[in-house]
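Enquirer: Using only what follows, build the 3D model:
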Amino acid sequence: MNDKIIYYLQQQQFQKAYAQAYLYFPKVKGHILKHGGNKADAEDVFQDGLLVMTENLTTLNYELKSSATTYLFGICKLLWLAKCRKQGKEIPTDEIPEVELNEDDLLEKLEKEKQFVQLGKVMNDIGEKCQELLLLFYGKKLSMKMIANKLKFSSEKIARNQKYKCLERAKNLVSTKNSS
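Expert: You can find the predicted model right below:
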């Protein structure tokens, strides 16, 4: 199972990686329930842990010194510990995991992940054509000429105008989501 999670993350097959990781959810849930949490807490912590692990293993090219599930469990324990401290709950110090991240780094990564998740939601809402255009421009760093050819726009100028419209649509969606 561990090798599959890492493999799928490296291949950017996130849905498959998460499906494998969710097989491990009951252990995280059991830990959180044992330490004063509920099912909703466990789900939140697990999802946040997945996001942190995904960022570390994909964007930071982090090299694991343990199995993916051990690493994920350690992240989830740290996240739960941080949440408990914030709420004034206490967890015995023997429960503090030995992970390769400290709590401040973890909280900073979690905040970045929340922004990343919000961006992902906006990207889902702007439409396939805009997603593809923005991915080609920002992700693959293709020129507008190459994008125009690939997306079958009649000119670079039309591709540039379409990119502008997509960015405007994304900005409007962000401001709408932030105001609600």
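Enquirer: next helix or strand past the lowest-mean-pLDDT helix or strand in the chain?
Expert: Ranked by mean pLDDT, DSSP states H and E, the weakest helix or strand in the chain is helix 103-125, scoring a mean of 64. Moving toward the C-terminus from helix 103-125, the first helix or strand encountered (DSSP states H and E) is helix 128-134.
Enquirer: For that next one, give me every contacting residue.
Expert: By Cβ atoms under 8 Å, 6 or more residues apart in numbering, the surrounding residues in contact with helix 128-134 are 123-124, 126, 147, 151, 159, 162-163, 165-167, 169-170. C-beta: built from backbone N, CA, C; applies to glycine.
Enquirer: so where is this protein shaky, pLDDT-wise?
Expert: 1-2, 59-63, 89-121, 139, 177-180 (pLDDT under 70).
Enquirer: any idea which residue of it is furthest from its center?
Expert: Ser154 (35.8 Å; Cα atoms, centre = their mean).
Enquirer: which SS class is it?
Expert: Following DSSP: H, G, I helix; E, B strand; the rest coil, we place Ser154 in the coil state.
Enquirer: separation between it and Gln162?
Expert: 11 Å (Cβ to Cβ, to the nearest Å).
Enquirer: hey, what's in contact with both of these two?
Expert: By Cβ under 8 Å, 6+ apart, no residue touches both Ser154 and Gln162.
Enquirer: follow-up on the earlier one: got a list of what the residue farthest from the centre of the chain touches?
Expert: Per Cβ under 8 Å, 6+ apart, neighbours of Ser154: Ala148.
Enquirer: That'll do, ta.
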